[in-house]
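Chemist: Build the 3D model from these lines:
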Amino acid sequence: EVQLVESGGGLVQSGGSLRLSCAASGFTFSRYSMSWVRQAPGKGHEWVAAIKSDGSSTRVADSVKGRFTVSRDNAKNMLWLQMNALKPEDTAVYYCAEGYGESSWTSTDFGSWGQGTQVTVSS
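Modeler: Residues are numbered from 1 along each chain as shown. Below is the predicted model:
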């Protein structure tokens, strides 16, 4: 059974940092590109960042460029999102999901999803 479990969310002040983790199990993690996707209150899903299966290439949304970094460790079946210089508009539930997403992707373009972790940025 595929499992993606996010952690690391919380409440942080504007300008602060958080590091989200995603623990993968039940599938060959190293064969899959992965993404982070977020959903702000009352809004649709927004792709945030993606990384290729071997970690050789990454991309991030324009809204987080220069602030967020995606990484992975295939030996540990782990995916991370380092978030710096957080802003109130980054407040959302953050999900890890299978796929090398981009800004045009909708939620149905991704494969398996985790249950999400809440990030709240106070002003």
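Chemist: Going by C-alpha atoms from here, please, whenever you check contacts or count neighbours.
Modeler: OK.
Chemist: How about the contacts made by Arg38?
Modeler: With contact set as CA atoms under 8 Å, 6 or more residues apart in numbering, Arg38 has these partners: His45, Glu46, Trp47, Val48, Ala92, Val93, Tyr94, Tyr95.
Chemist: List the residues that contact the residue nearest the centre of the chain.
Modeler: Nearest to the geometric centre of the chain sits Trp36, at 2.3 Å (CA atoms, centre = their mean). Contact partners of Trp36, counting by CA under 8 Å, 6+ apart, are Trp47, Val48, Ala49, Ala50, Leu81, Tyr94, Tyr95, Cys96, Ala97.
Chemist: quick one on the thing from earlier: could I get the contacts of Arg38 as TSV with secondary structure?
Modeler: What follows is the contacts of Arg38, written out as TSV (DSSP: H, G, I helix; E, B strand; the rest coil):
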residue	secondary structure
His45	strand
Glu46	strand
Trp47	strand
Val48	strand
Ala92	strand
Val93	strand
Tyr94	strand
Tyr95	strand
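Chemist: Among the residues you listed, find me the one that's closest to Arg31.
Modeler: Top of the list for closeness to Arg31, among those and by CA to CA, is Tyr95 at 19.1 Å.
Chemist: Local confidence estimate at the closest one?
Modeler: At Tyr95, the model reports a pLDDT of 98.
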